[in-house]
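Engineer: Quick one, fold the following:
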Amino acid sequence: MPFTITIDQLDKYDTYENIKIALKNDTEEHLGGGLASIIFDKSLTILRIDVDKDYRNQGYGSRLMLALCQKAFSDNVQHGAPSFTTELLPVYLIADEGESPGLRTYYEKMGFTQDEQQENDRPDQYSMTGKLGSVITNLQIILAAKYSNNAIRVNIE
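Structural biologist: The predicted structure follows:
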């Protein structure tokens, strides 16, 4: 059963601060970042994942996505939501094929499916949804299989 909060707590926890992460290498060079917004016990929305063009296709975007999802999971549990409920928390994002061709397929590998009920601004954008626990597990498998050698540090801001 989802956790409950009192009316007094609602203002504090209804909408959580955005989760911001930065991707840096050993020399503190900024390689990318991510931004998500969580509504406790309701949903996680991935707002932005961005990796510098020189570092794309090396698993860094997957690491950013994983860091955002893991932070959302731990924050949700810390605020009282049971872990089994948090595993089923819906995760929303938009695959913008106009900006990054192949993005929809990339997200599908993580466990996202197209949300046909949501409308988008352009025909090359796809609203997608997944479950937090499944997305985290799939990302861990993808990263372990393909990118285990990349040294990277993800900082949560």
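
Engineer: Tell me how far Tyr55 lies from Tyr107.
Structural biologist: Here the criterion is CB to CB, to the nearest Å. By it, Tyr55 lies 19 Å from Tyr107. C-beta: built from backbone N, CA, C; applies to glycine.

Engineer: Give me the more crowded residue out of those two.
Structural biologist: Shown here are Tyr55 and Tyr107; by other CB atoms under 10 Å, Tyr107 has more neighbours (23 against 17).

Engineer: any idea whether that one is helix, strand or coil?
Structural biologist: helix (DSSP: H, G, I helix; E, B strand; the rest coil).

Engineer: Helices of the chain, start to end?
Structural biologist: Assigned by DSSP state H, the helices in the chain fall at 7-13, 60-78, 83-87, 103-110, 132-146.

Engineer: need the ones you listed in TSV with distance to Leu93 and mean pLDDT, can you?
Structural biologist: Listed next are the helices of the chain as TSV, based on distance: least, CB to CB, whole Å; pLDDT from 0 to 100:
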stretch	distance to Leu93	mean pLDDT
helix 7-13	23	42
helix 60-78	9	90
helix 83-87	18	89
helix 103-110	7	92
helix 132-146	10	91
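
Engineer: Out of these, flag the one nearest Lys20.
Structural biologist: helix 60-78 (9.1 Å; CB to CB).

Engineer: ok, back up a step: give me whichever of the helices of the chain is most buried.
Structural biologist: helix 60-78 (a mean of 21; mean count of other CB atoms under 10 Å).

Engineer: and the angle for it with helix 132-146?
Structural biologist: 140 degrees (axes from the mean of the first three to the mean of the last three CA atoms, to 10 degrees).

Engineer: if we can go back for a sec, distance to Ile21 added to the helices of the chain, as a markdown table?
Structural biologist: Compiled in a markdown table, these are given as follows (distance: least, CB to CB, whole Å):
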| stretch | distance to Ile21 |
| --- | --- |
| helix 7-13 | 21 |
| helix 60-78 | 5 |
| helix 83-87 | 19 |
| helix 103-110 | 17 |
| helix 132-146 | 14 |
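
Engineer: Could you check the ones you listed and tell me which one is nearest Asn25?
Structural biologist: Among the helices of the chain, the nearest to Asn25 by CB to CB is helix 60-78 (9.7 Å).

Engineer: ok now the closest one, how far from the chain's centre?
Structural biologist: Helix 60-78 has its C-alpha centroid displaced from the chain centroid by 6 Å (CA atoms, centre = their mean, to the nearest Å).

Engineer: Many thanks, we can stop here.
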